[in-house]
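**Q** Model the following, please.
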Amino acid sequence: MSDTFSIRPLRPSDARAYRDLRLEALQSSPEAFGSSYEEEAPLPLETIEARIPTSGPNAIFGAFAGKALVGMAGFAAYERVKARHKGVMWGVFVKPEWRKQRVGQALVRQVIDHASRHVIMLEAAVGLANESARRTYHGLGFRPYGIERKAIRIGDVFHDEELLYLDLPRTEEA
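**A** Predicted structure coming up:
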């Protein structure tokens, strides 16, 4: 396995690879996502294509090793007038065999760079037990502002999340 990868925004033509990676993420790390495998697996490919932004500030970034999608991270700007200065990073996942190669860090940096052109504050949430992801986010400047107890429930097991924010430099667009 080569350790080289590139990052770019996903396009609707990436929908099948995105769906496959997302389903892998939901199955292997259910505590990290608000959605579940059971909810998303039956969705038709057209629904997944429609979820991939093609204009505006929202984006989903993919990390590619050659043509293979090995990681993903999303950004969504808030739409309400009083919250348009903020956005959220969501859906961050890297295939296990690509972890420890800074793919996750590169994806988060890409989201930060993109977000800084659209908002002045970026929010994120990370499982309290996910030390690796928390270390990455904290190392990139995210600061905790709270803990959401019982944020995710899987069967009878609850998972807490650390709520994070990052102040972004003001740009022309933001």
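
**Q** what helix or strand is the residue nearest to Leu140 when sequence neighbours are not counted on?
**A** Closest residue to Leu140 apart from its sequence neighbours, by Cβ to Cβ, 6 or more residues apart in numbering: Val108 at 5.8 Å. Every residue, glycine included, has its C-beta placed from N, CA and C. If you go by DSSP states H and E, Val108 is part of helix 103-115.

**Q** What mean pLDDT does the helix or strand following that helix get?
**A** Where DSSP H and E defines the elements, the next helix or strand beyond helix 103-115 is strand 121-127. Confidence for strand 121-127, expressed as mean pLDDT, is 98.

**Q** Pull up the pairing partners for strand 121-127, direction included.
**A** strand 86-94 (parallel), strand 157-167 (antiparallel) (DSSP bridges).

**Q** Could you list the residues in contact with it?
**A** With Cβ atoms under 8 Å, 6 or more residues apart in numbering as the test, strand 121-127 has contacts from 31-32, 75, 85-90, 92, 111-112, 115, 133-134, 137, 142, 148, 151-152, 159-168.

**Q** angle of it against helix 103-115?
**A** 150 degrees (axes from the mean of the first three to the mean of the last three Cα atoms, to 10 degrees).

**Q** Point out the other elements, helices or strands, that the next helix or strand after strand 121-127 touches.
**A** Moving toward the C-terminus from strand 121-127, the next helix or strand (DSSP H and E) is helix 131-139. Packing partners of helix 131-139 (3 or more Cβ pairs under 8 Å, 6 or more residues apart in numbering; DSSP states H and E): helix 103-115, strand 121-127.

**Q** Mean neighbour count for the ones you listed - can I get that in a markdown table?
**A** Below are the helices and strands packed on helix 131-139 laid out as a markdown table (neighbours: other Cβ atoms under 10 Å):
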| stretch | mean neighbour count |
| --- | --- |
| helix 103-115 | 20 |
| strand 121-127 | 20 |
